[in-house]
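Chemist: Quick one: sequence plus predicted model below, questions after.
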Protein chains: 2
Amino acid sequence: MQAIAPISRRPLHEEAVDRLRDQIVQGRLAPGERLNERELCQQLGISRTPLREAIKLLATEGLVELLPNRGAVVSAVEPQRIAQTLTVMGTLEALAGELVCANAGDEEIRRIRALHGRMVTMHARGDLAGYFRHNQMIHLAIVEASGNAVLANTYRQLNANVKRARYMANLSRERWDAAVAEHESIMQALEKRDAAKLKRLLADHLAHKLAQVLKSLGARAAA
Amino acid sequence: MQAIAPISRRPLHEEAVDRLRDQIVQGRLAPGERLNERELCQQLGISRTPLREAIKLLATEGLVELLPNRGAVVSAVEPQRIAQTLTVMGTLEALAGELVCANAGDEEIRRIRALHGRMVTMHARGDLAGYFRHNQMIHLAIVEASGNAVLANTYRQLNANVKRARYMANLSRERWDAAVAEHESIMQALEKRDAAKLKRLLADHLAHKLAQVLKSLGARAAA
DNA sequence: TTTTTGCATTCTGCATACAAAATGCAGCCA
DNA sequence: TGGCTGCATTTTGTATGCAGAATGCAAAAA
């Protein structure tokens, strides 16, 4: 018997989470804006029950804040929080780097190299949006190649918050060039499976990203 | 005018999350067990709406698994997942250790020392439950003293999953003694604010914990 | 004119009702 | 006897209804 793809319908609350998250990350739902249930229900074409479930999930991701008896608002992008998040992500990526060197197959590393190549093309073209997209994919690919699913999940969750800041922060040409150069070093360490070097490079890369975002958001913050 | 404490009622779904989480962590809701909505509604004395919101949140914590159209089951305690989680927690605690040395006030460190003292007492008494409780408090206090709220949150979330395994895994006398000794070293490095040493000690401590839990659960796992 | 107070409206929080999917069992057929 | 099929029951997924809290406005009081 031939295996055929099973029919699958996603639960509405999942769909709603994804849609709302995109809206928030892209800034179409701005920080501080209230989430009016009636309105969103109409826009998404669903009822309040799955919508409310979705909002609760976004609250755990930190994208919205729940005000008792007053609904939910899109959470503010606080530079300090972004800084703290990037600090954690830096540590996680450094760990991922070590694990990748130890566990990842050559095939996976080749896939990452291919992504890197495309990202470099975007950079050469001056395609910022395409660059961001591939940059994201590379970092996600690294944490996924670590073979540690918990690590990958945790990273993804933290990432949603930071993405918003990336949308808001503007990238200087110098920083952009430097970031691409850093990525090239990262790729080389990855292909040599030089765990110690890779770990350091990834931690530094995230630290630079942190500095850039904070500078662009015009604020200093600890941790 | 004198400020008085505001009247506050917790939302039902929050209460439900806490209650269910406790039940799962303590094993009263066993891995693999189905969460029957009708039943749980009766037990908690609430309706399905807040209960379902709670279940969705527990799913993001990884304590339950959602089966489309078939409800939710308490997720299995897979040694590999525990291993992966402890690996991440080890890295996070190491980071926390560094930050604590840099940022924490003397008062906070004294508080942790006090907790440590009580934990040693529990150990001397052979009070395993009390030991676990204080052990938990110490580790949480360290990540909280880091001043990085995102780090603390992430750590807490991962912790819920591991707590279950700790309940199931039994601790040998030797490992128990060793763990207390490690804690003493940790305290000393903390009080000296020796970041590098503290970082290493915490990472090692979690690695040992990992080895112990895995051994006790009778399994090997990577990452 | 400014502040306060009461009321109408709107919104959220929770409960319940309805629809669709899954489960279990009995009967039927091989 | 063994397995499949169809129906009744149970359970989940979604929508809707109801009560209470918050908000805004207007009228009254200072």
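Modeler: Sure thing, it's come through. Bear in mind that the values here come from a model prediction, so they are computed numbers and not experimental data.
Chemist: Please make it C-alpha for all contacts and neighbour counts, starting now.
Modeler: Noted.
Chemist: List the buried residues for the helix ranked longest in chain A?
Modeler: Longest helix of chain A, by residue count under DSSP state H: helix A:79-103. Buried residues in helix A:79-103, counted by 16 or more other Cα atoms under 10 Å in any protein chain shown: A:79-101, A:103.
Chemist: ok, the residue most central in space within chain A - contacts?
Modeler: Central residue check for chain A by Cα atoms, centre = their mean: the C-alpha nearest the mean position is that of residue A:159, 3.1 Å away. Each residue near residue A:159 by Cα atoms under 8 Å, 6 or more residues apart in numbering or on different chains is listed here: residue A:89.
Chemist: and chain B, which of the buried residues of helix A:79-103 reach it?
Modeler: Filtering the buried residues of helix A:79-103 for proximity to chain B (criterion: Cα under 8 Å from any Cα of the partner chain) leaves A:81, A:84-85, A:88, A:91-92, A:95, A:99.
Chemist: For those residues, give me TSV that also has distance to residue B:141 and pLDDT.
Modeler: Converted to TSV, those look like this (distance: Cα to Cα, whole Å; pLDDT from 0 to 100):
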residue	distance to residue B:141	pLDDT
A:81	20	94
A:84	17	97
A:85	19	97
A:88	17	98
A:91	20	97
A:92	21	98
A:95	23	97
A:99	28	97
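Chemist: which non-adjacent residue is nearest the residue of chain A found nearest DNA strand D?
Modeler: The minimum distance from chain A to DNA strand D, using Cα to the nearest atom of the strand, falls at residue A:47 (3.4 Å). Nearest non-adjacent residue to residue A:47, counting by Cα to Cα, 6 or more residues apart in numbering or on different chains: residue A:41, 5.6 Å away.
Chemist: just residue A:57 next, same as before
Modeler: residue B:57 (6.4 Å).
Chemist: What's the separation between that neighbour and residue B:17?
Modeler: 7 Å (Cα to Cα, to the nearest Å).
Chemist: Looking at those two now, which is surrounded by more residues?
Modeler: residue B:57 (23 against 20; other Cα atoms under 10 Å in any protein chain shown).
Chemist: show me the contacts for the more buried one.
Modeler: With Cα under 8 Å, 6+ apart, residue B:57 has these contacts: A:56-57, A:60, B:17.
Chemist: pretty sure the residue nearest to the centre of chain A belongs to a helix, no?
Modeler: Yes: judged by DSSP: H, G, I helix; E, B strand; the rest coil, residue A:159 forms part of a helix.
Chemist: Report all helices and strands that the strand or helix carrying residue A:134 contacts.
Modeler: Using DSSP states H and E, residue A:134 falls within helix A:128-145. On a contact count with 3 or more Cα pairs under 8 Å, 6 or more residues apart in numbering or on different chains; DSSP states H and E, helix A:128-145 meets helix A:79-103, helix A:106-125, helix A:149-168.
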